[in-house]
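S.K.: I would like the atomic coordinates for the input below:
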Amino acid sequence: MKGISLFASAGIGEYFLKRNKIDIIVANELIEKRALLHRKLYPSCDVVIGDITDKNIYKKIIDSVNKEKIDFIIASPPCQGMSVAGKNRKLQEMSEDERNYLILSVIKAIKDLNPNYVIIENVPLLLKLVLKINDEYLNVEEILNRELSDFYIIHSAIYDTADYGVPQHRKRAIIRLYKKGLKWEEPQKYSKYISVEEAIGNLPSLESGEKSDINWHFARNHDKRQVEWMRHTPTGKSAFENTYYYPKKKNGDRVKGFNSSYRRLKWEEPSPTITIRNDAISSQRNVHPGRKKLDGTFSDARVLTILELFRLTGLPDDINIPLDTPEILVRQIIGECIPPLLIESIVKGIE
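M.R.: Residues are numbered from 1 along each chain as shown. Below you'll find the model as predicted:
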């Protein structure tokens, strides 16, 4: 089955499609550095770089299909317009953010290419997003039903990747469209979660700035004060909960913050959602769990290494990302991606 990927980023979500007999032959991504990494990951895929709302770029995407029958589309319209809004903006205000209208380009591609199966995925707020269409406010499902329900069955749900073999809790909204007369079963949940311990527990311990002989397993350098706070922070706890070694300004005043920051992961559970700021020790829940040492402090006072991020995203150690790829770029695409084991679980339901 041949397919295309829209808003593809570096294509992490597509990683296991080929072993499920889905061949992504064309991909589109706006941001050049992500698109170029996609080309390196998938050399046989034709990557079109540019804005899909540009008529010339859209035509190039369609022309690149080169008369192949496209039976599958996966689309991940950017979520910045939704995520930034959070709880501080009304849904109607979100309808004024042009980034949230990129899903209309997906609908156009579905009409032009007539695939049998489509996955549209985004943050859970996708299912609450309201857009203004011809002076009428409609949510995404209403728009899809109005435009495509004559030919497609449309299902939407929110999935937690931890239910599908990923050692990370990450909720994603998935909209599945498939031609009437075809079947697409719900994905099968795994019988148990995979813990952080099972995923990364056998990797060598590293302190801030330390390297290893294992590809992608090197620790970021952190401020010495931050390292000291985290050395005194137990597994699963935040430095803000410490009696003395808590985040302080240089003058000694306590830093105000949330207990989700400067927080170590728990060994016995899946990881919380990996964020795009997984490079910052002060960001949300991204510090290595650590192990208690003889002196009462805790090891690994650092953010997760890229290899640890790979494993917590369900990716193999030997993923073919070139070793000279900038660290921050890799961290960003992992922080933004949908873990590919969830996509694999979903496409396995195609009959």
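
S.K.: what does the strand or helix carrying residue 328 contact?
M.R.: Assigned by DSSP states H and E, residue 328 belongs to helix 327-336. Residues outside helix 327-336 that contact it (C-beta atoms under 8 Å, 6 or more residues apart in numbering): 9-10, 12, 33-34, 37, 216, 220, 274-279, 306, 309-310, 313, 321. From N, CA and C alone the C-beta is placed, and that goes for glycine too.

S.K.: check which residues of it are buried.
M.R.: Residues 329, 330, 331, 332, 333, 334, 335, 336 are the ones in helix 327-336 that count as buried (16 or more other C-beta atoms under 10 Å).

S.K.: also stretch 299-319?
M.R.: 299-315.

S.K.: roughly how far is it from the heart of the chain?
M.R.: Here stretch 299-319 is found 14 Å from its chain centre; the criterion is C-alpha atoms, centre = their mean, to the nearest Å.

S.K.: how about the CA coordinates for it, as CSV?
M.R.: C-alpha atoms of stretch 299-319 as CSV (Å, rounded to 0.1, in the frame of the first residue of the first chain):
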residue,chain,number,x,y,z
SER,A,299,23.0,9.8,40.7
ASP,A,300,22.3,11.1,37.2
ALA,A,301,21.5,14.7,38.1
ARG,A,302,20.7,15.5,34.5
VAL,A,303,18.0,15.5,31.8
LEU,A,304,17.5,12.3,29.8
THR,A,305,20.1,11.5,27.1
ILE,A,306,18.9,11.2,23.5
LEU,A,307,19.2,7.4,23.6
GLU,A,308,17.0,7.4,26.7
LEU,A,309,14.5,9.6,24.8
PHE,A,310,14.6,7.2,21.9
ARG,A,311,13.7,4.2,24.1
LEU,A,312,11.0,6.1,26.0
THR,A,313,9.5,6.9,22.6
GLY,A,314,9.6,3.3,21.5
LEU,A,315,12.3,3.8,19.0
PRO,A,316,15.2,1.3,18.4
ASP,A,317,18.7,2.1,19.6
ASP,A,318,20.0,1.9,16.0
ILE,A,319,17.6,4.3,14.4
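
S.K.: what mean pLDDT would you report for it?
M.R.: Confidence for stretch 299-319, expressed as mean pLDDT, is 98.

S.K.: where are the low-confidence patches of the stretch 1-150 of the chain?
M.R.: Judged by pLDDT under 70, the stretch 1-150 of the chain has its weakly predicted residues at 79-92.

S.K.: quick one: the helices in this protein?
M.R.: 32-41, 55-64, 80-83, 91-94, 103-113, 140-148, 196-200, 224-231, 306-312, 327-336, 340-347 (DSSP state H).

S.K.: state the mean pLDDT of stretch 333-344.
M.R.: Mean pLDDT, computed over stretch 333-344, is 97.

S.K.: neighbours around residue 186, how many?
M.R.: 12 (other C-beta atoms under 10 Å).

S.K.: got a pLDDT number for the residue nearest to it when sequence neighbours are not counted?
M.R.: The shortest distance from residue 186 to any non-neighbouring residue, by C-beta to C-beta, 6 or more residues apart in numbering, is to residue 349 (6.2 Å). Per-residue pLDDT puts residue 349 at 97.

S.K.: make residue 1 into 16 and carry on from there
M.R.: Okay, using 16 as the starting number, the last item reads as residue 364.

S.K.: give the contact list for residue 364.
M.R.: 199, 200, 201, 202, 203.

S.K.: the same query, at a cut-off of 7 Å, please.
M.R.: Contacts for residue 364 (C-beta atoms under 7 Å, 6 or more residues apart in numbering) come out as 199, 200, 201, 202.

S.K.: which residues of the stretch 66-215 of the chain fall in strands?
M.R.: 87-90, 132-137, 145-148, 151-154, 167-175, 186-194 (DSSP state E, counting those that start in this stretch).

S.K.: switch these over to CSV; also include mean neighbour count and distance to residue 273.
M.R.: Below are these laid out as CSV (neighbours: other C-beta atoms under 10 Å; distance: least, C-beta to C-beta, whole Å):
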stretch, mean neighbour count, distance to residue 273
strand 87-90, 24, 33
strand 132-137, 23, 25
strand 145-148, 16, 29
strand 151-154, 14, 31
strand 167-175, 16, 22
strand 186-194, 20, 20
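
S.K.: adding distance to residue 272, write the ones you listed out as CSV.
M.R.: As requested, these are exported to CSV (distance: least, C-beta to C-beta, whole Å):
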stretch, distance to residue 272
strand 87-90, 36
strand 132-137, 29
strand 145-148, 33
strand 151-154, 35
strand 167-175, 27
strand 186-194, 24
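
S.K.: how about those, which one is nearest residue 109?
M.R.: strand 145-148 (6.7 Å; C-beta to C-beta).

S.K.: packing partners for the closest one?
M.R.: Identification of packing neighbours for strand 145-148 by 3 or more C-beta pairs under 7 Å, 6 or more residues apart in numbering; DSSP states H and E yields helix 106-109, strand 151-154.

S.K.: including distance to residue 340, could the ones you listed go into CSV?
M.R.: Listed next are the helices and strands packed on strand 145-148 as CSV, based on distance: least, C-beta to C-beta, whole Å:
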stretch, distance to residue 340
helix 106-109, 33
strand 151-154, 38
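
S.K.: can you pull up the bridge partners for the nearest residue to residue 161 once chain neighbours are set aside?
M.R.: Closest residue to residue 161 apart from its sequence neighbours, by C-beta to C-beta, 6+ apart: residue 153 at 7.2 Å. Residue 153 has the following beta-bridge partners by DSSP bridges: residue 146.
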